[in-house]
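A.B. asks: take a look and give me a structure for this.
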Amino acid sequence: MPENGADTTNTVTCSAPVNIAVIKYWGKRDEELILPINSSLSVTLHQDQLKTTTSVCTSRLFEADRIWLNGKEEDINHPRLQSCLREIRRLARKRHSDEDSAALVHKVHICSVNNFPTAAGLASSAAGFACLVFALARALGVEGELTGVARQGSGSACRSLHGGFVQWIMGQRDDGKDSLAQQVAPESHWPQLRVLVLVASADRKPVGSTSGMQTSVQTSSLLKHRADRVVPGRMVAMMDAVSRRDFAAFAELTMKDSNQFHATCMDTFPPIFYLSQVSQRIISLVHRYNSYSRETRVAYTFDAGPNAVIFTLQQHVDEFAALVQHFFPPETNGGHFIQGLPVQPAAVSEDLKQSLGLEPMSRGLSYIISTKPGPGPRVVDDPTQCLLGSDGLPRQTA
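C.D. replies: Numbers count the residues shown, from 1 in each chain. So this is what the prediction gives:
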């Protein structure tokens, strides 16, 4: 634990990644503890392209806990925020004796920013709560297993506490102590794997994940079948595909599970629609491209939103990105349409364009984020990246 005399202000800044589930989590068996009805598996995306940065400051001078998200002060009394704060403080008190825990009674100021659209189906809450828990733990000297704490903020946040390929084990216990996330393979395991995030909309989702899950659990018979009969086998098959770096198997499982998740949303009453016309066009493009190529070169997955996450291998990135640009021509930001890892311009043959049988769709995509699997949370040592000033308030640039 950092030295924290009674008069000392202690500030820690951390960053945490987004994760994208390839075997989806949808539905809880316990709303308060956020215990899922099925296990899930995700890929952690690289923080160079998608991350949450959070600064936590503790001081005896602070009169109350406060939090700022993306430049705006939010209600610190949100139940899930309070669950994380309460649990980290409990672990800190358990770890430190009375004589070195003066700072544990200090109030905290928290400032957090995302470098990607919030609440648009890009797993912002997962990165946000993972970063919050990781930074709070560092500030209060808590070490060890944190995924059970992050899970109480946002279920999928527990997976963002690890890099690479991560499984969230649903667990069986009523207290949730066995519902934890574990790394299946590090980000270095599959260096050829690349990810393209096709941002169809930066708007807030029409139906939030929490309320959507509740309605699905109450009304969808497909959801129970999926959790009990389908997901257990898919988890085993997906971990095997990752272990063998078998892209065809990985891709097919990823697409089938995405399709079934959205079928579950359709089976919910009233039905939930997260996919847009653009989403459906991307699905068609992927299947037609794979069919034309006579092999599975790309895979899609969609979380609770219209944005597509495309998995492919390094050798196919340039051609598929060129296809996306052709069928979803950018209106105004052509020079910045593809962000992140470099994508080289590629010529697409007329035969390929004609064979796919699709018409270009203008205004379909805002931009593409090119990325790859990446590491878990990290401490940011550069003091210029701290989001809080010496007074414990957000810097103007935050």
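
A.B. asks: hmm, S59 is touching R66, no?
C.D. replies: No: using Cβ atoms under 8 Å as the test, S59 is too far from R66 to be in contact (11.3 Å). All C-beta atoms are positioned from the backbone trio N, CA, C, and that covers glycine.

A.B. asks: and for the two, which residues touch both?
C.D. replies: K107, H109 (Cβ atoms under 8 Å, 6 or more residues apart in numbering).

A.B. asks: list the buried residues for the longest helix seen in the chain?
C.D. replies: Ordering each helix of the chain by length in residues (DSSP state H) puts helix 247-267 first. Using 16 or more other Cβ atoms under 10 Å as the test for burial, helix 247-267 gives 247, 249-255, 257-258, 260-262, 264-265, 267.

A.B. asks: for those residues, which one is nearest Y292?
C.D. replies: A251 (15.3 Å; Cβ to Cβ).

A.B. asks: mind pulling up the pLDDT for that closest one?
C.D. replies: Predicted confidence (pLDDT) for A251: 99.

A.B. asks: how many neighbours does the nearest residue to it once chain neighbours are set aside have?
C.D. replies: Sequence neighbours aside, A299 is the residue nearest to A251 in space, at 3.4 Å (criterion: Cβ to Cβ, 6 or more residues apart in numbering). Residues lying near A299 (other Cβ atoms under 10 Å) number 22.

A.B. asks: cool, and R378?
C.D. replies: Per other Cβ under 10 Å, the neighbour tally for R378 reads 14.

A.B. asks: got the contact list for it?
C.D. replies: C14, S15, Q47.

A.B. asks: L388 and A241, how far apart?
C.D. replies: Distance, L388 to A241, using Cβ to Cβ, to the nearest Å: 43 Å.

A.B. asks: whoops, I mixed them up, D228
C.D. replies: Going from D228 to A241 by Cβ to Cβ gives 22 Å.

A.B. asks: could the contacts of R378 go into TSV alongside distance to L285, pLDDT and neighbour count?
C.D. replies: Compiled in TSV, the contacts of R378 are given as follows (distance: Cβ to Cβ, whole Å; pLDDT from 0 to 100; neighbours: other Cβ atoms under 10 Å):
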residue	distance to L285	pLDDT	neighbour count
C14	37	98	25
S15	33	98	22
Q47	28	97	22
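
A.B. asks: please name every helix or strand in contact with the longest helix of the chain.
C.D. replies: Other helices and strands packing on helix 247-267, by 3 or more Cβ pairs under 8 Å, 6 or more residues apart in numbering; DSSP states H and E, are strand 19-23, helix 209-219, helix 221-225, helix 231-244, strand 298-302, strand 308-313.

A.B. asks: tell me how far it lies from the chain's centre.
C.D. replies: Centroid separation for helix 247-267 versus its chain: 17 Å, with Cα atoms, centre = their mean, to the nearest Å.

A.B. asks: what does that helix contact?
C.D. replies: 22-24, 26, 193, 212, 216, 219-223, 226, 230, 234, 237-238, 240-242, 271-275, 286, 295-296, 298-302, 304, 311, 313.

A.B. asks: identify, from the contacts of R378, the entry nearest to V379.
C.D. replies: Distance to V379 across the contacts of R378 (Cβ to Cβ) is lowest for C14, with 5.4 Å.

A.B. asks: the helix or strand that contains that closest one packs against which elements?
C.D. replies: With secondary structure defined by DSSP states H and E, C14 is part of strand 10-17. Judged by 3+ Cβ pairs under 8 Å, 6+ apart, strand 10-17 is in contact with strand 51-59, helix 124-140, strand 378-379.

A.B. asks: need the ones you listed in CSV (columns: distance to Q280 and mean pLDDT).
C.D. replies: CSV is the format used below for those (distance: least, Cβ to Cβ, whole Å; pLDDT from 0 to 100):
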stretch, distance to Q280, mean pLDDT
strand 51-59, 30, 97
helix 124-140, 24, 95
strand 378-379, 37, 98
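
A.B. asks: need the ones you listed in CSV (columns: distance to N38).
C.D. replies: Shown next, in CSV, are these (distance: least, Cβ to Cβ, whole Å):
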stretch, distance to N38
strand 51-59, 26
helix 124-140, 17
strand 378-379, 30
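
A.B. asks: can you check which of these gets nearest to A321?
C.D. replies: Going by Cβ to Cβ, the one of the helices and strands packed on strand 10-17 nearest A321 is strand 51-59, 21.9 Å.

A.B. asks: strand partners of the closest one, parallel vs antiparallel please.
C.D. replies: Each strand paired with strand 51-59, and its direction, by DSSP bridges: strand 10-17 (antiparallel), strand 107-114 (antiparallel).

A.B. asks: residues contacting the helix or strand encompassing W68, please?
C.D. replies: Secondary structure assignment for W68, by DSSP H and E: strand 66-69. Residues from elsewhere that reach strand 66-69 (Cβ under 8 Å, 6+ apart): 73-74, 76, 81, 107-113, 118, 128, 387, 394, 398.

A.B. asks: coming back round to it: which of D228 and A241 has more neighbours?
C.D. replies: A241 (20 against 11).

A.B. asks: need the contact list for that one.
C.D. replies: A249, F250, L253.

A.B. asks: picking up where we left off before, to L161, which of the helices and strands packed on helix 247-267 lies closest?
C.D. replies: Nearest to L161, of the helices and strands packed on helix 247-267 and by Cβ to Cβ, is strand 19-23 at 9.3 Å.

A.B. asks: quick one: strands adjacent to that closest one?
C.D. replies: The strands beside strand 19-23 in its sheet (DSSP bridges) come out as strand 40-44 (antiparallel).

A.B. asks: tell me the mean pLDDT for the strand it pairs with?
C.D. replies: For strand 40-44, mean pLDDT rounds to 98.
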